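>>> predicted model, plus sequence, below.
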Amino acid sequence: MKILMVCLGNICRSPLAEGVMQHLADEHDLDWKVDSAGTGSWHVGEGPDRRSVRTARNHGIDISKQVCRQFRLSDFERFDHIFVMDRYNLSDVQSMAPDEGLASKVRLLLGNREVPDPYYDDSQFEPVFELIEGGCKDIIKLLR
Ligand code: 4NP
């Protein structure tokens, strides 16, 4: 199964979601491939934000090798499930979907809640990690 995690910049939240989801899938011996992308293009080619790298490392997960990329149309076909962090990501990605079937692949990671953007607040990286980890554990239960 192929899963894509999407946020705005692809440097704070979705790299954490990629790292946590891949880590949990590997732990459960699931043949899942997890990737991430951003709706914006500002940080394309960069590594994740160092605060996300540090937070993931504190939980035993290395996300330092990830490289930021922008969401693209072909992602609708390449991935089975596309999880977004907030309602802006949801409308941005769904509005790009060529049809209803592909649009239905896109869901909020937390179901009906948002993962807030921690970019302007250092103190939010750990709480954001915990929200993401909870969402990823629910997805394992749902889709394994
Ligand atoms: P992310 O956070 O969407 O969780 O990666 C952001 C990172 C950078 C920007 C916005 C959000 N930015 O505007 O550069």
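Nice, I can see it.
>>> strands of this structure, start to end?
Under the criterion DSSP state E, the chain contains strands at 2-7, 33-38, 81-84, 106-108.
>>> can you list the residues of this structure near the ligand?
With the criterion set to Cβ under 6 Å from any ligand atom, the chain comes near the ligand through 7-13, 42, 117, 119. No exception for glycine: its C-beta is placed from N, CA and C like everyone else's.
>>> sorry, back to before: what's the closest of the strands of the chain to Phe71?
Nearest to Phe71 among the strands of the chain is strand 33-38 (4.2 Å), distances taken as Cβ to Cβ.
>>> list the buried residues in stretch 16-27.
Under the neighbour-count criterion of 16 or more other Cβ atoms under 10 Å, stretch 16-27 has 16-25 buried.
>>> now do stretch 126-142
128-129, 131-133, 135-136, 139-140.
>>> save those residues as JSON lines, and put in pLDDT and distance to Arg69 too.
Converted to JSON lines, the buried residues of stretch 126-142 look like this (pLDDT from 0 to 100; distance: Cβ to Cβ, whole Å):
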{"residue": "Val128", "pLDDT": "98", "distance to Arg69": "21"}
{"residue": "Phe129", "pLDDT": "99", "distance to Arg69": "22"}
{"residue": "Leu131", "pLDDT": "98", "distance to Arg69": "23"}
{"residue": "Ile132", "pLDDT": "99", "distance to Arg69": "19"}
{"residue": "Glu133", "pLDDT": "98", "distance to Arg69": "23"}
{"residue": "Gly135", "pLDDT": "98", "distance to Arg69": "21"}
{"residue": "Cys136", "pLDDT": "98", "distance to Arg69": "20"}
{"residue": "Ile139", "pLDDT": "98", "distance to Arg69": "22"}
{"residue": "Ile140", "pLDDT": "98", "distance to Arg69": "25"}
